[in-house]
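A.B. asks: My questions concern the predicted model and sequence given below.
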Amino acid sequence: MPTVYQGFDVLEIEPSAVNDREFTHRRSMTRLDSRTGKLRARDRSGVAVVSPGGFVWLMDGRAEIQAYRDFVAARKGALVPVWVPTWNRDLEMDTDLSAGNVNLSISKIGYTKFMFPTVARRHIAFLLADGTRHYRKIIGASEGSSNEVLTLDSSIGVLVPKATMVSFLTLCRLATDEPELTWHNRDLAEAVLDFVELPKEVPA
């Protein structure tokens with residue numbers, strides 16, 4: 001059974017080709033032109049919309065192939081959203097996060113000022129080296145001289161080392177109703193998935 005976070009499944013499969021993934025950023029803009037006076041534009045999303053592309057899912061064995069088929073079936077084409085970690089080091093921890101601590105200290109990147117006001121950038125994934133995953137929501141942020149302190153909605157309960165990858169969780173849908181599956185042999189298949197982020201549908 002897939003992990004469910006905030007009411008949506010999480011795609012916990014690590015892409016087979018992380019370094020080759022493509023990320024395009026765009027803004028959802030509405031152009032307001034009355035043909036008299038100034039041309040105006042309204043930012044509908046409030047954040048740059050990420051379209052993660054090139055998610056390579058290599059399936060070795062019938063069980064992994066069936067897991068992929070179950071995932072695609074549950075998406076109902078491009079209808080049902082899913083959480084997708086970026087698998088990037090979006091936030092760099094500057095100290096270990098102790099068990100029971102809800103205050104995550106990160107290197108200063110302007111998160112408090114530029115990203116925290118947007119609900120779509122408040123959900124993160126802790127991707128530990130041993131393969132365990134933890135998902136949390138950021139409910140507060142403050143900025144210091146060289147770091148930022150992010151308050152999590154709950155503690156993780158185990159020590160999270162400083163070197164842990166911390167990625168944004170993006171709520172996405174498949175970019176197509178019928179993603180292609182390439183068969184290399186009867187027990188080895190591969191798919192390359194593209195997603196479209198849904199920032200306005202992220203749970204508040």
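C.D. replies: Looks like it arrived, so ask away. Treat the numbers as computed from the prediction; the structure is a model and nothing was measured. Numbers count the residues shown, from 1 in each chain.

A.B. asks: Just the pLDDT for the nearest residue to residue 187 once chain neighbours are set aside.
C.D. replies: For residue 187, the nearest residue in space outside its immediate sequence neighbours is residue 61; the separation is 5.7 Å by Cβ to Cβ, 6 or more residues apart in numbering. C-beta coordinates here come from the backbone N, C-alpha and C atoms, glycine included. Taken from the predicted model, the pLDDT recorded for residue 61 is 96.

A.B. asks: distance of residue 61 from residue 4?
C.D. replies: Applying Cβ to Cβ, to the nearest Å, the value for residue 61 to residue 4 is 25 Å.

A.B. asks: ok, now residue 100?
C.D. replies: Distance check for residue 100 against residue 4: by Cβ to Cβ, it reads 24 Å.

A.B. asks: so where's the chain uncertain?
C.D. replies: By pLDDT under 70, the weakly predicted segments of the chain are 18-35, 37, 39-52.

A.B. asks: Run a quick neighbour tally on residue 68.
C.D. replies: Residue 68 is surrounded by 19 other residues when neighbours are defined as other Cβ atoms under 10 Å.

A.B. asks: Where does it fall, secondary structure wise?
C.D. replies: Counting by DSSP states H and E, the secondary-structure element that holds residue 68 is helix 62-75.

A.B. asks: Repeat that for residue 140.
C.D. replies: strand 133-143.

A.B. asks: starting at the chain centroid, how far to that strand?
C.D. replies: In terms of Cα atoms, centre = their mean, to the nearest Å, the centre of strand 133-143 is found 14 Å from the chain centre.

A.B. asks: Relative to that strand, what are the paired strands and their orientations?
C.D. replies: Sheet partners assigned to strand 133-143 using DSSP bridges are listed as strand 123-127 (antiparallel), strand 147-152 (antiparallel).

A.B. asks: Tell me the helices and strands packed up against the very next helix or strand once past the longest one.
C.D. replies: Next helix or strand after strand 147-152 toward the C-terminus (DSSP H and E): strand 165-174. If contacts are counted by 3 or more Cβ pairs under 8 Å, 6 or more residues apart in numbering; DSSP states H and E, strand 165-174 sits against strand 49-53, helix 62-75, strand 82-85, strand 123-127, strand 195-197.

A.B. asks: a markdown table for the ones you listed, including distance to residue 11?
C.D. replies: Output for those, formatted as a markdown table (distance: least, Cβ to Cβ, whole Å):
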| stretch | distance to residue 11 |
| --- | --- |
| strand 49-53 | 10 |
| helix 62-75 | 7 |
| strand 82-85 | 5 |
| strand 123-127 | 10 |
| strand 195-197 | 9 |
